[in-house]
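# Quick one: sequence and predicted model below, then my questions.
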Amino acid sequence: MVQRHAHRGYGADMAKAVGINHVALEVGDLDEAVAFWQRIFGDVELRGRVGGMAFIDLGDQFVALAQGRRQGPDDGRHFGLVVDDKEAVRDRAREAGLPAGSPGGKLRVRDPWSNVIEVVDYREVQFTKAPEIAASMGFDSEKSKRALAELREKGLA
């Protein structure tokens, strides 16, 4: 049964967006793309393949990798990927020979097909996993004071 929110006015009967289920990226080669994700982000699991696509699990979400990059590099377009340890990803990116910025600063990683992944630390952003989900994924669900303040400001904590 769909629960309707008690909103009034425009959009009262519209669904509320509550999150992102997955992101789809165009890549040149599926095997290379899966290997890249495993090299940079560690133990990501291949959920499966269908046609020209591969799906890699990121906890309770996934990334869809589509064979056949059709566009050139785009410096402005990116997506944010939440990780349990941004600095560990920075180290892995450096080991792979990729630019990784300064410790503590912004971290953007470009895959071989110029998809830009902005890596953010779970503790520092509003995005929140239920404690039991975080525990089963093997990380602490604790947030920084700044992230908690942002959540409180929105009435979410």
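Happy to help now that I have it. Residues are numbered from 1 along each chain as shown.
# make it CA atoms for all contacts and neighbour counts henceforth
Fine.
# report the longest helix in the chain, please.
helix 30-41 (DSSP state H).
# is it true that Leu25 touches Val116?
No - in terms of CA atoms under 8 Å, Leu25 does not count as a neighbour of Val116; the distance is 9.9 Å.
# Comparing the two, which shows the higher neighbour count?
More crowded of Leu25 and Val116, by other CA atoms under 10 Å: Val116, with 20 against 17.
# Can you give me every residue that contacts that one?
Val116 is in contact with 75, 77-79, 108-110, counting by CA atoms under 8 Å, 6 or more residues apart in numbering.
# Quick check: pLDDT value at it.
Confidence at Val116, expressed as pLDDT, is 94.
# ok, it to Gln61 distance?
Val116 sits 18 Å away from Gln61, going by CA to CA, to the nearest Å.
# same question, Leu81
In terms of CA to CA, Leu81 sits 11 Å off from Gln61.
# Among these two, which residue is more densely surrounded?
Per other CA under 10 Å, whichever of Leu81 and Gln61 has more neighbours is Leu81, with 15 against 11.
# Wait, that one touches Val120, no?
Yes - applying CA under 8 Å as the test, Leu81 and Val120 come out as touching, 6.1 Å apart.
# Neighbours of Ala149, how many?
15.
# Got phi/psi on it?
Phi and psi for Ala149, reported as degrees, to the nearest 10, are phi -60, psi -40.
# Okay, angle between whichever strand or helix holds Ala93 and helix 30-41 too, please.
In the assignment (DSSP states H and E), Ala93 maps to helix 86-95. Angle of helix 86-95 versus helix 30-41, following axes from the mean of the first three to the mean of the last three CA atoms, to 10 degrees, is 130 degrees.
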